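In: Pasted the sequence and its predicted model underneath.
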Amino acid sequence: MSAARETWLVLGASSAIARAFARLAAAEGADVLLAGRDRADLDAAAADIALRSGRRASILDFDAADLAAHAAFVERARAAAGDTMLNLFLAFGFMPAQTEIDADPALLHQAIAANYAGAVGVLHAAAPIFEAQKGGRLVILGSVAGDRGRLKNYVYGSAKAGLAAYAQGLRARLYRSGASITAVKPGFVDTAMTFGLPGMFLVASPESVARACLAAARAGKDEIYVPFFWRAIMAIIRNIPERLFKRLNI
Ligand SMILES: NC(=O)c1ccc[n+]([C@@H]2O[C@H](COP(=O)([O-])OP(=O)(O)OC[C@H]3O[C@@H](n4cnc5c(N)ncnc54)[C@H](OP(=O)(O)O)[C@@H]3O)[C@@H](O)[C@H]2O)c1
């Protein structure tokens, strides 16, 4: 394995944050594997990244909800990365409004499948790759919504909370092989996921989140809030007594 060469496997590569991350990683010398459901979009993105960066950019079909396909998928990714060190950027997510979920149980299952079961499934399938290569960087996009269950977003928030706990355990496992896991908790980011939502404030750009993710992964950080001030905001929110919190309309 060539220590100098690395490939970022980007899961949910049509996400605005993932797209910005893939561009940045390629611009800084890595190959990228763009994985997702929208083949036409990924093809166009891969061509653009390869042209701008001169790095290898390929695509892989990936649906996080197809749990049975995860093992074969990670094998394809490992093979596509060839002789390079594999890194993983997990970006996919699905955030229907809580009121939509309440009206349609199918959305509840889709949200859990995308944000928790699918994420944990593909990470668990990929873990032996990092143990075998004795290194690599994983970045997992969680959310500040996982820090406290709240009235207006508790299905999505609970799935992200479960993912955060899973990431802690997997981090301890992979630490023993020299691989790092950076759990990222963004606040509000200007993407399709939040387009048109009311009550947004302190909104970050996908590019700034991507830069923070890459820097934190390189530094081997365990957990970051993006932008950084969300750590303080969430510390306050976590400390509101439950008897008061349950009355809040947030
Ligand atoms: N935007 C924010 O304010 C914010 C805040 C905190 C955390 N986050 C997290 O940041 C990550 C990136 O989100 P974003 O803001 O960049 O949103 P986005 O642009 O809406 O991207 C979400 C991506 O997830 C993909 N996806 C959903 N379900 C999938 C599945 N079953 N299999 C494969 N891909 C699936 C979508 O693919 P398709 O294009 O195929 O639908 C889409 O590309 C998510 O994990 C999100 O939860 C976002």
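Out: Looks like it came in fine.
In: Point out the residues in the chain that sit beside the ligand.
Out: Residues of the chain lying close to the ligand by CB under 6 Å from any ligand atom are 12, 14-17, 36-38, 62-65, 91-95, 114, 118, 141, 143, 186, 188-189, 191-194. In this view, the C-beta of every residue, glycine as well, is placed from N, C-alpha and C.
In: now do 5 Å
Out: 12, 14-17, 37-38, 63-65, 91-94, 114, 141, 143, 186, 188-189, 191-194 (CB under 5 Å from any ligand atom).
In: Now list the buried members of these.
Out: Neighbour counting with 16 or more other CB atoms under 10 Å marks 12, 14-17, 37, 63-65, 91-94, 114, 141, 143, 186, 188-189, 191, 193 as buried within the residues of the chain next to the ligand.
In: Filter these down to the ones in strands?
Out: Judged by DSSP state E, strands contain the following of these: 141, 186.
In: Which elements pack onto the helix or strand residue 24 falls within?
Out: Element membership for residue 24 (DSSP states H and E) is helix 16-27. Judged by 3 or more CB pairs under 8 Å, 6 or more residues apart in numbering; DSSP states H and E, helix 16-27 is in contact with strand 2-11, strand 31-36, helix 39-53, strand 84-90, helix 206-218.
In: could you redo those as a markdown table and give each row mean neighbour count?
Out: Converted to a markdown table, the helices and strands packed on helix 16-27 look like this (neighbours: other CB atoms under 10 Å):
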| stretch | mean neighbour count |
| --- | --- |
| strand 2-11 | 20 |
| strand 31-36 | 26 |
| helix 39-53 | 16 |
| strand 84-90 | 25 |
| helix 206-218 | 20 |
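In: Of all those, which one is nearest residue 176?
Out: Distance to residue 176, taken as CB to CB, is lowest for strand 84-90 among the helices and strands packed on helix 16-27, at 17.3 Å.
In: Compare the helices and strands packed on helix 16-27 and give me the one nearest residue 240.
Out: helix 206-218 (26.1 Å).
In: what about the longest helix in the protein?
Out: Longest helix in the chain by number of residues (criterion: DSSP state H): helix 154-175.
In: Give the rounded mean pLDDT of that helix.
Out: Per-residue pLDDT over helix 154-175 has a mean of 98.
In: can I get the CA coordinates of that helix in CSV?
Out: The C-alpha coordinates for helix 154-175 follow below in CSV (Å, rounded to 0.1, in the frame of the first residue of the first chain):
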residue,chain,number,x,y,z
TYR,A,154,-36.8,14.0,17.6
VAL,A,155,-36.8,11.1,15.1
TYR,A,156,-33.9,12.6,13.1
GLY,A,157,-32.2,13.7,16.3
SER,A,158,-32.5,10.3,17.9
ALA,A,159,-31.0,8.6,14.9
LYS,A,160,-28.1,11.0,14.9
ALA,A,161,-27.7,10.4,18.7
GLY,A,162,-27.5,6.7,18.1
LEU,A,163,-25.0,7.2,15.3
ALA,A,164,-22.8,9.3,17.6
ALA,A,165,-22.8,6.6,20.3
TYR,A,166,-21.9,4.0,17.6
ALA,A,167,-19.1,6.2,16.4
GLN,A,168,-17.6,6.4,19.9
GLY,A,169,-17.4,2.6,20.2
LEU,A,170,-16.1,2.1,16.6
ARG,A,171,-13.5,4.8,17.3
ALA,A,172,-12.2,2.8,20.3
ARG,A,173,-12.1,-0.3,18.1
LEU,A,174,-10.3,1.3,15.2
TYR,A,175,-7.9,3.3,17.4
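In: With that, I have no additional questions.
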